[in-house]
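K.L.:
What shape does this take:
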Amino acid sequence: MTPTMPIVISATSPTSAEAKDVSLRYYEDIVGRYHGRPASRQETLAAQAGYPSDDLVVPLGILLLARQGATVLGCAGMRVRPGDIGEVTRVFVEPAARGKGVGRLLMKELEGKSRELGLDALRLDTRTDLVEARSLYASLGYIEGEAHNTDPYANHWFRKELA
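P.N.:
Residues are numbered from 1 along each chain as shown. Predicted coordinates for the structure are as follows:
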């Protein structure tokens, strides 16, 4: 029996090949789930273009990848916002890796990196159909509250104090 390789979480540039690949899979997943069918290439690229990621670099933000060996299992990003708040974005776990704690590892590391950047709280938005995400956020202590943006695809808004 071969031992399982550990899952490693590390920061990466949003312009790296790995980040671009996982970002594309993220958009394919969320656009497809929104429409209830596989997303077309055009729909995926249009959604991706509407949410640029060039600011997911320190000191403006961060992008984390979860890897097991050479395989990217998922990602999570954060943008620094006024008032020492971080806005979580792009939380994604590959379908084959779901239910194995990858999302929790990504979020815990994102919280730690956000504290290192001096942030006091994290906030995020998500959709009603992303049931697993909402469950994860609640289990990590994120509290659902009032809207903090007008994103037309957001139905739920969460916040967690980091202090």
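
K.L.:
and for the strand or helix carrying Thr44, what are the contacting residues?
P.N.:
Using DSSP states H and E, Thr44 maps to helix 41-49. With contacts defined as CB atoms under 8 Å, 6 or more residues apart in numbering, helix 41-49 is touched by Ser23, Leu24, Tyr27, Glu28, Ile30, Val31, His35, Ala39. C-beta coordinates here come from the backbone N, C-alpha and C atoms, glycine included.

K.L.:
Over to stretch 80-98?
P.N.:
22-23, 25-26, 29-30, 51, 53, 56, 59-61, 63, 66, 68, 72-79, 102-103, 106-107, 110, 114, 117-124, 132-133.

K.L.:
In helices, which of the residues you listed appear?
P.N.:
22-23, 25-26, 29-30, 102-103, 106-107, 110, 114, 132-133 (DSSP state H).

K.L.:
Adding distance to Ala11, neighbour count and pLDDT, write those out as CSV.
P.N.:
Shown next, in CSV, are those (distance: CB to CB, whole Å; neighbours: other CB atoms under 10 Å; pLDDT from 0 to 100):
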residue, distance to Ala11, neighbour count, pLDDT
Val22, 14, 23, 97
Ser23, 15, 21, 96
Arg25, 19, 16, 97
Tyr26, 17, 23, 97
Asp29, 22, 17, 97
Ile30, 22, 21, 96
Val102, 16, 21, 98
Gly103, 17, 25, 98
Leu106, 11, 26, 98
Met107, 14, 24, 98
Leu110, 10, 22, 98
Ser114, 12, 23, 98
Glu132, 24, 13, 93
Ala133, 21, 20, 95
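
K.L.:
I'd like those as a markdown table, with distance to Thr44 appended.
P.N.:
Shown next, in a markdown table, are the ones in helices among the contacts of stretch 80-98 (distance: CB to CB, whole Å):
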| residue | distance to Thr44 |
| --- | --- |
| Val22 | 13 |
| Ser23 | 10 |
| Arg25 | 9 |
| Tyr26 | 9 |
| Asp29 | 9 |
| Ile30 | 9 |
| Val102 | 22 |
| Gly103 | 21 |
| Leu106 | 21 |
| Met107 | 24 |
| Leu110 | 24 |
| Ser114 | 28 |
| Glu132 | 20 |
| Ala133 | 19 |
